[in-house]
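I need the structure of the sequence given here:
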Amino acid sequence: MATHKENDTIKFIECPVCRRCIEAPRTDISSGEWASELPQNKLILAMSLEQDENKNCMICKRQEKTVPAKHWCKACMEAICEDCKSLHRAVQSLQNHKILSISDIKKLNSEVEVEESCLLHKGKILDVFCHDHQELCCSICLVKQHKLCKNLDTVEDMALGIDRDNIQNIASKYICLEKRLEDMLLENLNKVAKLNSRKQEICMKTEEKVKEIRSLLDGAHAQWLKRFEQNHADSTGNIEIASDELKRFSTTVHEAIIILQSMLNSGSSKQLFITNYRLQNQISDYITRLKSLDIWNFSEDYMQHNSDFLSQISNGKEFEDVALSKVQSRIVERISQMSAPKITDKDNILQRRKRMSQMDWMKVEFKKLSEINELSETVCYGLFIHDTRIILSLANPPSLKIYDISKSTGECVHTEKCQDKPYGLCHTGLCLNELYVSFKNFINHYRIEVAETTKITKLRTIHLEEPMLAISCGPTSVFAANDSKRMICSLDFCIIHSSAYTSDGKVPFVCSSLISDNHCFIRDGMVIVVDQNNKEIFKSAQDGYPRGLAFDSQDNILVCFHTTTKLKQLKREERESRDIVLTDMTDTYNITLHPAGDKILVLDYERKCVVYQIC
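Here you go, the predicted structure:
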């Protein structure tokens, strides 16, 4: 194959046998012309004399004549006839050609000349050997490339001193080399055969392993799908069961509507009262039954955390199950909030709150009901969960403690251990026995049943966008704070507004109004009130070190102060205020109002808690 040298100007070709590079006679020569001018291998041509094409004169053949060949011209490397032999003798340039009789094949083969024509100069014989360059040269090579060389000999002179025994040894080595090459070729053939055999063996084994893996994958997939289908059926089935319960309850409510409408249209006041009483008891009992059913833990979403099935099948022989996230439904809670309170509940929260709002809160007095003075540490947050029960959050050990305050000395009746440290507490609405507890990065929603024994049930967990320590729930929004930020949130703790904040004490203190959507906090010794849109509507600077605070039933603000036994009461949107001295306190720390507004819980920094009746 023709190619170019590095300077990309000279063409050359490599001999496929010896790999010698032969340059083109000129740069503009075509491939066909160059091929016709390449030197011929005389040995090969001599060995082919017995072929049919060499039985006729080649010179005559080119003239489209068929004349039997009688001779062989070693220079022309062609078979010629008698007339063409005469032509060689007549033409001066052909007179030096050696011509042999073609009939003496054996003699011709034995006397084949090994010297080749010059590869670069057609028609020129290699007749000089240059010792300086170790090259055979023709007369043109000698003039062009070796005219300065001094160590030159003719080929004939070199041939006189040839050592035939040495050549015989070389020939023997070539024979050994040929045998070794044959052995190498045979060895390579055996290697190819072995590789082919091993390839087939490995491919078969690999196919078997792939089939085994497919079988494992198919089996694991089938088992995974079976488990997933079962979990899905359980999840949707539970929702369907809950839906059936809601449909039946809806039927009951619809019947109650019809009966009440009938009584309103044609019944007497007595009949209306009795019917309403019975229907409300019926609805209340139905809601109680719904709460008791263990069907409200709904599946929320499916999550596939790891889909590297190949790794799973390698390690555990089965696929990892799809994770199922669940959330405690608030359906029953919302139903409870929408249902009417029982008429016979004379001390219900709304009625009591209404009665307390009609009092002049700037003149109310505080009557001690119960005292707890055996706390193991300073308690930051407390809450009413019943008329005779309060709950406190303790950091060490992390726990929620419930105290009975029906007597003058409060008694711990239940301790709920917590895995994380609890902080702020607040009600979920008007239900005293349902509350939120902050664990900094999440909120737990609990229901507390107060009877002969106390039972705390976690209804759900709410994960927070931001850490929350203090929390307080108003009618339509939640107020919360941590060490660096205060937040106004929706009722499901999604942040609506947030502002920079620095707690002035050990923990932040915030409060929310029970009758409006105002929120209150302490900043740089000032009591500040904002609305649900985070708009500042009230601000009052205080002497001393204000800490815990609470709205009363008329949206006045009660504030605790460091190292004092008093509370300060700030009148809503006015500059009027008064001090309330609590003789049973040492260092007022935080304060919480009963949702009905008729009791108050005051925490003392000296590990004490006192409950007061408002009168």
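
Give the other helices and strands that the helix or strand that contains residue 350 contacts.
In this structure, residue 350 sits in helix 349-357 according to DSSP states H and E. Applying 3 or more C-beta pairs under 8 Å, 6 or more residues apart in numbering; DSSP states H and E, one finds that helix 349-357 contacts no other helix or strand. Every residue, glycine included, has its C-beta placed from N, CA and C.

Could I get the buried residue list for it?
349, 352, 353, 356 (16 or more other C-beta atoms under 10 Å).

Residues contacting it from elsewhere in the structure, which ones?
341, 430, 432, 514, 515, 553, 554, 595, 596, 597, 598, 614 (C-beta atoms under 8 Å, 6 or more residues apart in numbering).

could I get the buried residues of helix 349-357 as a markdown table with pLDDT?
Putting the buried residues of helix 349-357 into a markdown table (pLDDT from 0 to 100) gives the following:
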| residue | pLDDT |
| --- | --- |
| 349 | 82 |
| 352 | 86 |
| 353 | 87 |
| 356 | 90 |
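
Of these, which is the nearest to residue 397?
residue 349 (32.8 Å; C-beta to C-beta).

Quick check: the gap between that closest one and residue 561.
29 Å (C-beta to C-beta, to the nearest Å).

swap in residue 137?
Applying C-beta to C-beta to residue 137 and residue 561 gives a distance of 121 Å.

Settle it for me: which of these two has more neighbours?
Per other C-beta atoms under 10 Å, whichever of residue 137 and residue 561 has more neighbours is residue 137, with 24 against 20.

Give the bridge partners for the closest residue in space to the more buried one that isn't next to it in sequence, please.
Distance criterion C-beta to C-beta, 6 or more residues apart in numbering; nearest residue to residue 137, sequence neighbours excluded, is residue 128 at 4.5 Å. Taking DSSP bridges as the rule, residue 128 bridges to residue 137, residue 154.

number of nearby residues for residue 128?
Residues within reach of residue 128, counting by other C-beta under 10 Å, total 21.

do the same with residue 532
By the criterion of other C-beta under 10 Å, residue 532 has 20 neighbours.

Could you tell me whether it really is in a strand?
No - using DSSP: H, G, I helix; E, B strand; the rest coil, the assignment for residue 532 is coil, not a strand.

in the sheet, who's paired with residue 21?
Residues in beta-bridge contact with residue 21 (DSSP bridges): residue 14.

Report the mean confidence score over whatever helix or strand residue 568 lives in.
Here residue 568 sits within strand 566-570, counting by DSSP H and E. Strand 566-570 carries an average pLDDT of 94.

Now do that strand: which elements does it pack against?
In terms of contacts (3+ C-beta pairs under 8 Å, 6+ apart), strand 566-570 is packed against strand 557-561, strand 577-581, strand 588-593.

Quick one: the helices in the stretch 201-350 of the chain, in order.
Under the criterion DSSP state H, counting those that start in this stretch, the stretch 201-350 of the chain contains helices at 269-292, 309-315, 331-338, 349-357.

Next, the buried residues of stretch 211-223.
Within stretch 211-223, judged by 16+ other C-beta under 10 Å, the buried ones are residue 220.

can you give me how far it is from the chain middle?
For stretch 211-223, the gap between its own C-alpha mean and the chain's C-alpha mean amounts to 25 Å (C-alpha atoms, centre = their mean, to the nearest Å).

could I get that stretch in PDB with only the CA atoms?
Output of stretch 211-223 as PDB, limited to C-alpha atoms (Å, rounded to 0.1, in the frame of the first residue of the first chain):
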ATOM      1  CA  LYS A 211     -30.700 -17.300  34.000                       C
ATOM      2  CA  GLU A 212     -30.200 -17.800  37.700                       C
ATOM      3  CA  ILE A 213     -30.100 -14.100  38.300                       C
ATOM      4  CA  ARG A 214     -33.200 -13.600  36.200                       C
ATOM      5  CA  SER A 215     -34.900 -16.300  38.200                       C
ATOM      6  CA  LEU A 216     -33.800 -14.600  41.500                       C
ATOM      7  CA  LEU A 217     -35.000 -11.200  40.200                       C
ATOM      8  CA  ASP A 218     -38.300 -12.600  39.000                       C
ATOM      9  CA  GLY A 219     -38.800 -14.400  42.300                       C
ATOM     10  CA  ALA A 220     -37.900 -11.300  44.400                       C
ATOM     11  CA  HIS A 221     -40.000  -9.100  42.200                       C
ATOM     12  CA  ALA A 222     -43.000 -11.400  42.500                       C
ATOM     13  CA  GLN A 223     -42.600 -11.500  46.400                       C
END
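
Give me the mean pLDDT for that stretch.
For stretch 211-223, the per-residue pLDDT averages 88.

Stretch 580-592 now?
92.

Next, the distance between the ends of that stretch.
15 Å (C-alpha to C-alpha, to the nearest Å).

Pull out the buried positions in that stretch.
Buried-residue list, stretch 580-592, by 16+ other C-beta under 10 Å: 582, 585, 587, 588, 589, 590, 591, 592.

Specify the beta-bridge partners of the fourth one.
According to DSSP bridges, residue 604 are recorded as the beta-bridge partners of residue 588.

check contacts around residue 471.
Residue 471 touches 423, 424, 425, 426, 436, 438, 443, 478, 479, 480, 510, counting by C-beta under 8 Å, 6+ apart.

So residue 101 sits against residue 71, correct?
Yes - Residue 101 is within contact range of residue 71, at 6.0 Å (criterion: C-beta atoms under 8 Å).

So for those two, which sits in the more crowded spot?
residue 71 (18 against 12).

just to revisit the earlier point, just tell me which of the helices of the stretch 201-350 of the chain ends up closest to residue 400.
It's helix 331-338; of the helices of the stretch 201-350 of the chain, that one is closest to residue 400 (C-beta to C-beta) at 19.9 Å.

okay, the closest one in CSV with CA atoms only?
Only the C-alpha atoms of helix 331-338 are listed here, as CSV (Å, rounded to 0.1, in the frame of the first residue of the first chain):
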residue,chain,number,x,y,z
ILE,A,331,-61.3,14.0,60.7
VAL,A,332,-62.8,13.1,64.1
GLU,A,333,-61.1,16.1,65.7
ARG,A,334,-62.7,18.4,63.1
ILE,A,335,-66.0,16.7,63.5
SER,A,336,-65.8,17.3,67.2
GLN,A,337,-65.0,20.9,66.8
MET,A,338,-67.9,21.4,64.3
